[in-house]
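J.: my questions concern the predicted model and sequence given below.
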Amino acid sequence: MEIYMDAPLRYHGLTSVNTMCKLRKALYGLKQSPWAWFGRFTKVMVCLGFKQSQGDHTLFVKHSESGGVIVLLVYVDDIIVTSDDE
């Protein structure tokens with residue numbers, strides 16, 4: 001599997017603005033991978049209507065139109081979901 005990414009800002013040696021970089025190492029082997037994964041996960045949860053808790057950034061809450069609540073908690077490599085709404 002080949003993985004490509006946008007070139008980092010201010011990267012010298014690029015010949016074009018739209019240059020892509022081919023990664024030699026998978027994201028899972030990088031030290032920043034948990035941060036990158038959680039950042040992407042947070043964007044998706046917010047797009048789905050969840051609100052991220054300010055007290056615990058791994059806690060996401062969504063209130064449904066029918067008055068129910070969905071609570072999602074991320075802990076290391078597990079996700080706990082509970083709700084009083086189908």
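T.: Alright, I've got the coordinates. Model, not experiment: these values are computed from the prediction.
J.: and the nearest residue to Phe41 once chain neighbours are set aside, what element?
T.: The spatial neighbour of Phe41 that comes closest, neighbours along the chain excluded (C-beta to C-beta, 6 or more residues apart in numbering), is Val74 at 7.1 Å. For glycine as for every other residue, the C-beta is placed from the backbone atoms N, C-alpha and C. Assigned by DSSP states H and E, Val74 belongs to strand 69-75.
J.: and for that strand, what's in contact with it?
T.: Contacting residues not belonging to strand 69-75 are listed as 38, 41, 45, 50, 56, 58-64, 79-85 [C-beta atoms under 8 Å, 6 or more residues apart in numbering].
J.: all helices for the protein, in order.
T.: Ranges of helices within the chain are 33-47, based on DSSP state H.
J.: and for the helix or strand of it with the lowest mean pLDDT, what's in contact with it?
T.: Lowest by mean pLDDT, DSSP states H and E among the helices and strands of the chain is strand 4-6, with a mean of 76. Strand 4-6 has contacts (C-beta under 8 Å, 6+ apart) with Met20, Cys21, Lys22, Leu23.
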